[in-house]
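**Q** A predicted structure for the sequence below; I have some questions about it.
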Amino acid sequence: MARIVDTGRSVFRRALEKVGRGWSKMQERRPLSYDLLESDDAYLVVFDAPGVRGEDVKVKFLDHTVEVRLDRFREFYDGFELMFPGRGLTLSGSATLPADADVTPQGATATLTRNGTLEVEIPKDGVADDVQVVEEEDADADE
């Protein structure tokens, strides 16, 4: 009887892992959600970026389009085994600014916030050079 139960668990685990990997791949193929905002001085594109660190973010600006790629990693937890690998590890997306937007990538900034969003600000008529990615400081770290 124990052998049948073990076989059933094994089959269940393999099926769960296969479904999880499929879900993960589906997440990786779906473009990241974003909001596009405009002020008098700049455009702001806000992407969902859960579970990402600053060094894992790539931002490009090409022909009025902001392109992002996020590489996430799974943390390992002592005493736990991964059964359902459902989170995509490589996420990407793009946001196209209006065709009449008078911007250049110079002066653009990208900020990764503590709540898991990536904010890319592109000034109108900018003057600096590259998009810089910075992580918001953890206010609790100093306490």
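**A** Now that the structure is in, tell me what you want to look at. Bear in mind that the values here come from a model prediction, so they are computed numbers and not experimental data.
**Q** how about the strands in the chain?
**A** 34-38, 42-48, 57-62, 65-71, 90-96, 109-112, 117-123, 132-135 (DSSP state E).
**Q** thought Pro123 was touching Asp41?
**A** Yes - using C-beta atoms under 8 Å, Pro123 is in contact with Asp41, at 6.1 Å. Bear in mind the C-beta positions are built from the backbone N, C-alpha and C, glycine included.
**Q** these two: who's more crowded?
**A** A count of neighbours by other C-beta atoms under 10 Å puts Pro123 above the other of Pro123 and Asp41, at 18 against 10.
**Q** sorry, back to before: out of the strands of the chain, flag the one nearest Ser10.
**A** Ser10 lies closest, by C-beta to C-beta, to one member of the strands of the chain: strand 90-96, at 29.3 Å.
**Q** now do the buried residues in that closest one.
**A** 91-95 (16 or more other C-beta atoms under 10 Å).
**Q** could those residues go into CSV alongside distance to Arg69 and pLDDT?
**A** Output for the buried residues of strand 90-96, formatted as CSV (distance: C-beta to C-beta, whole Å; pLDDT from 0 to 100):
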residue, distance to Arg69, pLDDT
Leu91, 7, 86
Ser92, 5, 89
Gly93, 9, 92
Ser94, 10, 93
Ala95, 13, 95
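**Q** among those residues, find me the one that's closest to Leu37.
**A** Ala95 (10.5 Å).
**Q** for that closest one, name its beta-bridge partners.
**A** For Ala95, the beta-bridge partners are Val66 (DSSP bridges).
**Q** which residues touch it?
**A** Counting by C-beta atoms under 8 Å, 6 or more residues apart in numbering, Ala95 touches 34, 36, 45, 47, 65-66.
**Q** appreciated, that's everything.
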